[in-house]
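using only what follows, build the 3D model:
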Amino acid sequence: MTNDLDALKAALRVTPAPNAAVKDAALKLAMENFDRLQGSTTAPRPNPEDPQKAGLWNRIYAMLNALRTKPALAASTSVAALCLGLVVMMPLTQTQTVTTVTPPTDAVVSDAILMKPSPTIAPIPEASGAATARSATEFAEADNSRVEALADPESLDTMAEATISVEAPMAASPKMALADAEGSLVSDAAPFGTENSEAFATGPANPVYVTAENPVSTFSIDVDTASYATVRSSLNAGFLPDPTSVRIEEMINYFPYAYPVPQRDAAFHPTVTVMPTPWNANTSLVHVAIQGAMPAIADRPPLNLVFLIDTSGSMDEPNKLPLLVQSLSLLQGQLHEYDQVAIVAYAGSAGQVLAPTKATDQTAIMGALNQLAAGGSTAGAQGLELAYQTAEAMAAPGEVTRVLLATDGDFNVGIDDPEALKTYIAGKRETGIYLSVLGFGRGNLDDATMQALAQNGNGTAAYIDTLSEARKVLVDQLTGALFPIADNVKIQIEWNPAQVAEYRLIGYETRTLRREDFNNDAVDAGDIGAGTAVTAIYEVTAPNSPALRNDPLRYGTAEPAISTPELGFLRLRSVAPGATASTLLETPILTGGQANNDARFAAAIAGFGQLLTGSVYLGDWGWDQAIDLGLAARGADEFGYRIEAVNLMRAAKALNQ
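The predicted model follows:
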């Protein structure tokens, strides 16, 4: 028995002579089977998943899981597997990047294997530094000689560490990045859809001003909330928001606050609170709260409301047109019997879907909404013209007439000149017909155009990403959005250089005005609706503070500062509805008092927004401090908005790590 075993061992040590013909035949068969199994005889099916929920890692995992369950591939590559090791082929798109895959330690590969996409897939644009892709068959033809090198045992360890990398340029979302090895997907631009054409209206952060040189700060009031909802949409999808989508004043003004209400017949009541700055012990925050009056709802005038609905092809997604219809259905319960509703839709051409109809006829209104279907290109300008014509026909003295534009913001057909479009909207507001904008969906959200239309139309801009947000905007805040108590509302603060050496306004970058614009009623500004509150926050630095960021002037100031305990002087100018001249409200800004939860929570949100934009003014103050401050100042939080914000801070912290 021992002799037989020795003979068998000796035979096994003899290496059979290589048979080139057998090897080539096996290799060819393996490559043919591999290429064949990567394709499909049926047309590709659309991905039913919401693009905001189907992350890149989920798609990579699904493809890898599908590839590893093909027994035919394993059976047909019995010889080639020893020679070629692990080969992974994936369909490529312009918005996917497949990370490095390391073969098992006992696998043998010849080098990084690059493959080109299937002929049925659109070619990927070439990018600097990107490797040229080849199919598996081309690889076998070009690198057949490398198989011979596998006979050298010294090369096996090196080749086993080789990796396979497939990379496509991220043309649609260049800022998206794959983070750590645990699979966190981090981005500062939301990569929604394959063609991300989102544009946001945000200016550079306001600088620190030296009071002695620029003592006056002037800006238009802003009550839009679109930015906060957009930020939430990005974070809930697992991405850090694009910093340009963050408008801090809109984040602060998203939340309801219990500010003191105006007395008697006053339209506004200002409240100013001075408190320590959470992120800088040597500066202070000046929290300016403006609360608008709330007339009796039963006394409101009749409302003529025109829904201008985008039904272009880009709206054919669950979080766009279907959510839009659901959202507008919530509005029905807020309308009175003397209100009227009309519906205009626009796509390749515009049309009146519902003639002016009494708000009580909910069957007709919902029937028209439910018949809407997405398709065609976008003719936004044509739709606007028809909507205004419809609104003008509905208008009557003493009534309120509004156009409510609902869109994903894709205005790609119609008036090509943005300035001409804004001029057209501004002209229509002079007739008393205002325009508000609701944004839906992501991927081609043209926030910049939506903001311009709403501002020039004397309306508001909101972004709706959930049915809960629709209820907030169209139910809870409907009165403030549609029934103004003042137009052209402007704020101006003159800072006292004896008390304030430097200051900066947090947010309102797109709303700043020239000093002389404050007294010029011809310069348009923001509008305040019934019961609306507006918040602005300044960070101020006292003279001789170690937090001063500017050196003193060599030659000093031309005039000495007035000795007074006032930090500054607040002026608010507004025009009552139907009036032609503005009225002025003034109040000094004094120190003292105790910051309540409303002021402290607003400060937490101001810090949240600055963290998202990478502000240079926060020092070592970070996510943990923002979360702690938000929790401590949460208060009653009847609707859960504040704890939602704290959870968004937690999500942003995790994504930053």
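
Arg600: what's its closest spatial neighbour, skipping adjacent residues?
Among residues not flanking Arg600 along the chain, Ala633 sits closest, at 3.7 Å (Cβ to Cβ, 6 or more residues apart in numbering). Just so you know, the C-beta spots here come from the backbone N, C-alpha and C atoms, and that holds for glycine as well.

what about that neighbour, neighbour count?
Number of residues near Ala633 (other Cβ atoms under 10 Å) recorded here: 21.

again, but for Thr580
Thr580: 7 surrounding residues under other Cβ under 10 Å.

name the residues that touch the helix or strand that Ala470 is a member of?
Under the criterion of DSSP states H and E, Ala470 resides in helix 467-471. By Cβ atoms under 8 Å, 6 or more residues apart in numbering, the residues outside helix 467-471 that reach it are Ala229, Leu323, Gln326, Ser327, Leu330, Ala462, Tyr463, Ile464.

just the buried residues of it, please?
Glu469, Ala470, Arg471 (16 or more other Cβ atoms under 10 Å).

just the closest of these to Arg264, please.
Arg471 (32.7 Å; Cβ to Cβ).

where do the strands sit along the stretch 201-350 of the chain?
Using DSSP state E, counting those that start in this stretch, the strands of the stretch 201-350 of the chain run over residues 209-210, 216-220, 268-277, 280-292, 303-310, 340-346, 350-358.

pick the one among the buried residues of helix 467-471 closest to Pro295.
Arg471 (22.3 Å).

which pLDDT value goes with that closest one?
Model confidence at Arg471, expressed as pLDDT, equals 93.

again with Leu553
Looking at Leu553, its pLDDT stands at 81.

if we can go back for a sec, I'd like to know which of the strands of the stretch 201-350 of the chain lies nearest to Leu404.
Closest among the strands of the stretch 201-350 of the chain, using Cβ to Cβ: strand 303-310, at 5.5 Å.

so what are the sheet partners of the closest one and their directions?
With DSSP bridges as the test, strand 303-310 is paired with strand 340-346 (parallel), strand 400-407 (parallel).

state the mean pLDDT of that strand.
Taken as a whole, strand 303-310 carries a mean pLDDT of 94.

report the buried residues of that strand.
The neighbour-count check on strand 303-310 (16+ other Cβ under 10 Å) flags Leu303, Asn304, Leu305, Val306, Phe307, Leu308, Ile309, Asp310 as buried.

same question, stretch 316-333
Applying a neighbour-count criterion of 16+ other Cβ under 10 Å, one finds Glu317, Asn319, Lys320, Leu321, Leu323, Leu324, Val325, Ser327, Leu328, Ser329, Leu331, Gln332 buried in stretch 316-333.

any chance of these in a markdown table, with distance to Met251 and pLDDT too?
Output for those, formatted as a markdown table (distance: Cβ to Cβ, whole Å; pLDDT from 0 to 100):
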| residue | distance to Met251 | pLDDT |
| --- | --- | --- |
| Glu317 | 26 | 91 |
| Asn319 | 21 | 92 |
| Lys320 | 24 | 93 |
| Leu321 | 27 | 93 |
| Leu323 | 22 | 94 |
| Leu324 | 24 | 94 |
| Val325 | 28 | 94 |
| Ser327 | 21 | 93 |
| Leu328 | 25 | 92 |
| Ser329 | 28 | 91 |
| Leu331 | 25 | 88 |
| Gln332 | 30 | 86 |
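
inside helices: which ones of those residues?
Secondary structure from DSSP state H places Leu321, Leu323, Leu324, Val325, Ser327, Leu328, Ser329, Leu331 of the buried residues of stretch 316-333 in helices.

list the contacts of Glu502.
Val208, Tyr209, Val210, Thr211, Val540, Thr541, Leu548, Arg549, Asn550.

swap in Ile537?
Contact analysis of Ile537 by Cβ under 8 Å, 6+ apart lists Ile252, Leu285, Val286, His287, Val288, Leu505, Ile506, Gly507, Ala602, Ala603, Ala606.

beta partners for the third one?
As for beta bridges, Val286 partners with Val274, Tyr538 under DSSP bridges.

gap between it and Gly531?
24 Å (Cβ to Cβ, to the nearest Å).

who's more crowded, these two?
Legend: neighbour count by other Cβ under 10 Å for Val286 and Gly531, higher for Val286 (24 against 18).

can you pull the contacts of Ile221?
Contact analysis of Ile221 by Cβ under 8 Å, 6+ apart lists Ile290, Val489, Lys490, Ile491, Arg511, Ala525, Gly526, Asp527, Ile528, Val534.

repeat that with 10 Å
The contact partners of Ile221, taken as Cβ atoms under 10 Å, 6 or more residues apart in numbering, are 249, 253, 268, 290, 292, 486, 488-491, 508, 511, 525-528, 532, 534, 536, 572, 574.

ok, back up a step: could I get the contacts of Glu502 as CSV with pLDDT?
Converted to CSV, these look like this (pLDDT from 0 to 100):
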residue, pLDDT
Val208, 97
Tyr209, 97
Val210, 96
Thr211, 95
Val540, 98
Thr541, 98
Leu548, 94
Arg549, 94
Asn550, 94
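
ChimeraX command for the buried members of these?
Buried members of these, defined by 16+ other Cβ under 10 Å, are picked up in ChimeraX with:
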select :208,209,210,211,540,541,548
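
and which of the contacts of Glu502 is nearest Asp6?
Nearest to Asp6 among the contacts of Glu502, with distances taken as Cβ to Cβ, is Arg549, at 87.7 Å.

my guess is that closest one contacts Gly619, does it?
No: Arg549 lies out of contact with Gly619 (Cβ atoms under 10 Å); the separation is 12.0 Å.

hang on, the earlier thing: need the strands paired with strand 303-310 in TSV with distance to Leu629, can you?
As requested, these are exported to TSV (distance: least, Cβ to Cβ, whole Å):
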stretch	distance to Leu629
strand 340-346	43
strand 400-407	36
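
among these, which is nearest Gly367?
With Cβ to Cβ as the criterion, Gly367 lies closest to strand 340-346 of those, at 10.4 Å.

now the strands for the stretch 401-550 of the chain?
So, for the stretch 401-550 of the chain - with DSSP E, counting those that start in this stretch - the strands run 434-440, 461-464, 484-495, 502-506, 526-529, 533-541.

number of nearby residues for Leu386?
Neighbour count of Leu386, defined by other Cβ under 10 Å: 20.

on that earlier part again, and the strands paired with strand 303-310: which comes nearest Gly480?
Of all those, the one in closest proximity to Gly480, counting by Cβ to Cβ, is strand 400-407 (12.6 Å).
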